[in-house]
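Novice: Dropping the sequence and predicted coords here.
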Amino acid sequence: MSIPAEITPHIAADLQVQISSWVDYLQYEKRVSKHTLRAYVSDMGQFLNFLANYKEEKISLNSLSDAAIYDFRAWLSQRAMAGAKNSSRARNLSSIKNFLTWLDKNGVMHNAAIRAVQAPKLPRKLPRPLGEKSIFTLLDEVQQKGDFISLRNYTLFSLLYGAGLRINEALSLNISDLPKDGFLRITGKGEKERQIPVIKPLQDILDRYSAVHPEQHDKCAPLFPGQRSKRLNQGVAQRELRQVRVTLGLPETATPHALRHSFATHLLQNGANLREIQDLLGHASLSTTQRYTDVNAAELINIHKAAHPRQNKK
């Protein structure tokens, strides 16, 4: 991925070289997703454009090393005035910190101020799963038409719920990735691999779908094809679920990712422990998985309030 043309006039040659090397590091060593890579490069571009205009000079490694805490704060303030939410500004700052940390570790330059810059506070967001009844109603509605597209969508959404996959993980699967020996092997974030056991109902759905797949004998073909047999676009899958959601009157939180949240929440409710769920979801940190205990606790509180004999006693 090359440096965006709009920022190159604002940066010196020495900085251009280091940004290119950083992008290669992210792409080939860290193996970040395409979405993450685009976001990091875009954030760097916005920051360097701002800094060049703010300082009225072309930005070099020396000027980047000399950037003070008020320079970073001024940039974050400008982002806020432009309407960027706390979550966006926190990600913007994270991108810059990543680049400056990489420069420091490689002995290129050091900026002392960046560590003192605090990210905007983020509210703790709880996962918003769907109830079991809503899940099954949704899946039944998806397959109503009975054509291949409906079966494709039904299989995709069943896989998100039945195996807890991220939407991009499911869409990256090929025919050759169909479960073997009862396990689905997934390459997730950071190119980390994990194995997910496939329950029989999900295996039956995959078998029925693969039997009618137009490219079933081509091991390299996408498991979920879109137009002209190319890989199904994530936006198309989201639109398909949105249409069903509107038809059924489900909340706006009924998204492909909500199916993954539902997978984890329902496992927890039925006795799975956090370590097991962490492995199945591919979370790097247990603290990420622990959010589902908050969801479960919130549900228990609501049940307690609704069911306890003293709740409605005056």
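Specialist: Happy to help now that I have it. Residues are numbered from 1 along each chain as shown.

Novice: show me what contacts the residue nearest the centre of the chain?
Specialist: Centrality entry for the chain: nearest residue to the mean C-alpha point is Arg166, 7.1 Å, by Cα atoms, centre = their mean. For Arg166, the contacting residues are Gly188, Lys189, His257, Arg260, by Cβ atoms under 8 Å, 6 or more residues apart in numbering. All C-beta spots, glycine's among them, are computed from the backbone N, C-alpha and C.

Novice: Which strand or helix spans the third one?
Specialist: Using DSSP states H and E, His257 sits in helix 256-269.

Novice: Go through that helix and flag the buried ones.
Specialist: Neighbour-count burial for helix 256-269, counted by 16 or more other Cβ atoms under 10 Å, picks out Pro256, Ala258, Leu259, Arg260, His261, Ser262, Phe263, Ala264, Thr265, His266, Leu267, Leu268.

Novice: between those, which is nearest Leu202?
Specialist: Using Cβ to Cβ, the shortest approach to Leu202 within these belongs to Phe263, at 10.8 Å.

Novice: check contacts around that closest one.
Specialist: Applying Cβ under 8 Å, 6+ apart, the residues contacting Phe263 are Leu160, Tyr161, Gly162, Ala163, Gly164, Leu280, Leu281.

Novice: Out of the residues you listed, list just those in helices.
Specialist: Taking DSSP state H as the definition of helices, the contacts of Phe263 contribute Leu160, Tyr161, Gly162, Ala163, Leu280, Leu281.

Novice: The third one: how many residues sit nearby?
Specialist: Just to be clear, that refers to Gly162. Applying other Cβ atoms under 10 Å, we find 22 other residues in the vicinity of Gly162.

Novice: Ok, the fourth one next?
Specialist: Counted with other Cβ under 10 Å, residues neighbouring Ala163 total 23.

Novice: I'd assumed Val198 was in contact with it.
Specialist: Yes - applying Cβ atoms under 8 Å as the test, Ala163 and Val198 come out as touching, 6.7 Å apart.

Novice: which residue packs closest to Asp14, ignoring adjacent ones?
Specialist: Sequence neighbours aside, Leu61 is the residue nearest to Asp14 in space, at 5.0 Å (criterion: Cβ to Cβ, 6 or more residues apart in numbering).

Novice: my read: the one you found touches Val17, true?
Specialist: No - with contact defined as Cβ under 8 Å, Leu61 does not reach Val17; the gap is 9.2 Å.

Novice: neighbour-wise, which of those two wins?
Specialist: Relative neighbour count places Leu61 above the other of Leu61 and Val17, with 17 against 13, counting by other Cβ under 10 Å.
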